[in-house]
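A.B. asks: here are the coordinates; sequence isn't available:
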């Protein structure tokens, strides 16, 4: 009987740890999909020079032109991917805790995320990501950043289009809310980092808000 009393809490603890591990990769996958899709759409729709045929006050014509562009989004993105191929994304395996946020005021903090944010800024120690648990998508393919880094010049940007780094993730007890920092870099002095607030709705993680932290 004593052995049973010891084993049951241990099994519950291990099950909880495993569930949180799954949630971690779900959050990372959500953010990876978000940033690679967003970046591809930016590249597929470069800013075009002003059309001299459209007068500056011709708002109706501009709206009609934009409507046509939106209608053909899928076609244009597919054409871009066929021509340029998918982006190569390096993901850093190391997840470090947030640094220097204890005194920073974050406008989005609400009663829903307030206590979780306090937990987030207290996280210590690093963790490792198993990149085999993050799936490629139609916009990009993943390579491990730290494995390739020693062989790369220019801080790793000669063989990849984007480098992603994730902080440790804070979850609430129900594991339906999460806070994490994702840093996105396209080259030396060309990137940004942001604090992401996510919530799980109907089985899927949704980005509720993004707070910019740095830009270069």
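C.D. replies: It's in. Bear in mind the structure is a predicted one, so any value in this text is a computation, not a measurement. Numbers count the residues shown, from 1 in each chain.

A.B. asks: where along the protein do the strands fall?
C.D. replies: Using DSSP state E, the strands of the chain run over 87-91, 94-95, 127-128, 140-144, 162-166, 170-171, 177-187, 190-201, 204-215.

A.B. asks: so which of the ones you listed gets nearest residue 111?
C.D. replies: Ranking those by proximity to residue 111 (Cβ to Cβ) places strand 177-187 first, at 11.7 Å. In this view, the C-beta of every residue, glycine as well, is placed from N, C-alpha and C.

A.B. asks: strand partners of that closest one, parallel vs antiparallel please.
C.D. replies: strand 162-166 (antiparallel), strand 170-171 (antiparallel), strand 190-201 (antiparallel) (DSSP bridges).

A.B. asks: pLDDT-wise, which helix or strand of this protein ranks last?
C.D. replies: The weakest-scoring helix or strand in the chain, judged by mean pLDDT, DSSP states H and E, is helix 59-71 (a mean of 57).

A.B. asks: Tell me the pLDDT of the residue nearest the centre of the chain.
C.D. replies: When Cα atoms, centre = their mean is applied to the chain, the residue found nearest the centroid is residue 31 (2.7 Å). Reported pLDDT at residue 31 in the predicted model: 98.

A.B. asks: Tell me what the nearest residue to it once chain neighbours are set aside is bridged to.
C.D. replies: Once flanking residues are discounted, residue 31 sits nearest to residue 182: 5.1 Å by Cβ to Cβ, 6 or more residues apart in numbering. Here residue 182 sits in beta bridges with residue 166, residue 194, as judged by DSSP bridges.

A.B. asks: give me the number of residues near residue 182?
C.D. replies: Neighbour count for residue 182, taken as other Cβ atoms under 10 Å: 21.

A.B. asks: could you list every residue that touches it?
C.D. replies: Applying Cβ atoms under 8 Å, 6 or more residues apart in numbering to residue 182 gives the contacts 31, 35, 164, 165, 166, 167, 193, 194, 196.
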